[in-house]
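>>> Need the 3D shape of this:
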Amino acid sequence: MNTGIGGHQTSVGNSQTWFTPKEIVTSLGEFDLDPCSHVNRPWDTAKEHYTIEDNGLILPWSGRVWLNPPYDRYVIESFLKKMADHGNGISLIFARTETQPFQKWVFPYAESILFINGRLTFIDEFGIKGKANSGAPSVLISYSEYDSLMIEQSGINGKHVLVNSVPVIIVKESPSWKNVVSICLLRLNGEAKLKDIYSMAEVVAGDKTQKNKHFKEKIRQQLQKHFERVNTGQYKLIA
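Alright, predicted model coming up:
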């Protein structure tokens, strides 16, 4: 389902398709699903894409979601509701904070919001920037602590505001490797893949990871000794 200004396909004036600038998506890390993609896209935004040939509101969502929903007022609320229920990923929409969808499905559920500096210029299906900007300011909405961290580290200019989150405390003097892994899993909702644990370790224990080029081996050792393996390359805290 792809009808909306700024995200994918304009609903007024013409039928031209528009995409999020690639650097915005890639700077936010890897996504598992884009439920509002397009058949002819200049680049992938996630591992899996639902297009106009599917129905992203009916099909199941899993993993970390990139959501740039149709901006039609009758559709965007349904997508924002589903994203709020899913609670894992990042949304890009216009900063229309006074609207019912924003008041009802963003503020009560967002971990944080990045109010992007300036206005984005979207990309056509051939990878070419539009002649004009989007015509309105945009926001990135985080639905988990990990997503807030990814926004914070993205380098995207703007004001990042915590909404239903607590400030992230960066550990200056790192604890033991076991405690580092525990902190990482706590911040990743208790369960995570190895690659996400590695990334989080570089945030919470930057001094240890920078000084030890074998820090990934150290983390794997602690995971094997003290934590539960739930799948290949995936671990969780032991209750």
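>>> Show me where the protein has its strands.
Counting by DSSP state E, one finds strands in the chain at the ranges 33-34, 48-49, 65-67, 89-94, 112-116, 138-142, 158-162, 191-193, 228-231, 234-236.
>>> how close does the spatially closest residue to S37 that is not a sequence neighbour get to S142?
Counting by C-beta to C-beta, 6 or more residues apart in numbering, S37 lies nearest to H49, which is 3.7 Å off, once chain neighbours are set aside. In this view, the C-beta of every residue, glycine as well, is placed from N, C-alpha and C. Here the criterion is C-beta to C-beta, to the nearest Å. By it, H49 lies 21 Å from S142.
>>> With neighbour numbers in mind, choose between the two.
More crowded of H49 and S142, by other C-beta atoms under 10 Å: S142, with 26 against 19.
>>> Now the residue nearest the centre of the chain. Nearest residue, chain neighbours left out?
The centroid of the chain falls nearest to I90 when counting by C-alpha atoms, centre = their mean (3.2 Å). What sits nearest to I90 in space, not counting adjacent residues and going by C-beta to C-beta, 6+ apart, is D147, at 5.2 Å.
>>> who are the neighbours in contact with the one you found?
L28, R64, N88, G89, I90, E111, S112 (C-beta atoms under 8 Å, 6 or more residues apart in numbering).
>>> Out of these, which is nearest to Q221?
Set against Q221, the nearest of the contacts of D147 by C-beta to C-beta is R64 (26.6 Å).
>>> Now for the closest one, how many residues are close by?
23.
>>> Could you check how far it is from Q210?
26 Å.
>>> try I93
For I93, the distance to Q210 - C-beta to C-beta - is 36 Å.
>>> Okay, domains of the protein per the record?
With domains defined by automatic domain parsing, the chain comprises 22-162, 177-236.
>>> Let's have those domains in CSV, adding mean pLDDT.
Below are the domains of the chain laid out as CSV (pLDDT from 0 to 100):
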stretch, mean pLDDT
domain 22-162, 89
domain 177-236, 90
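>>> circling back: how much space between the residue nearest to S37 and I151?
H49 is 22 Å from I151, by C-beta to C-beta.
>>> In the contacts of D147, which residue is surrounded by the most others?
Busiest of the contacts of D147 [other C-beta under 10 Å] is I90, holding 29 neighbours.
>>> I'd like to know how far that one sits from V204.
Applying C-beta to C-beta to I90 and V204 gives a distance of 21 Å.
>>> quick revisit: please identify which of I93 and Q210 sits among more neighbours.
Neighbour count, other C-beta under 10 Å: between I93 and Q210, I93 has more, with 25 against 10.
>>> so where's the longest helix in this structure?
Ranked by residue count under DSSP state H, the longest helix found in the chain is helix 73-86.
>>> Kind regards, and thank you for your time.
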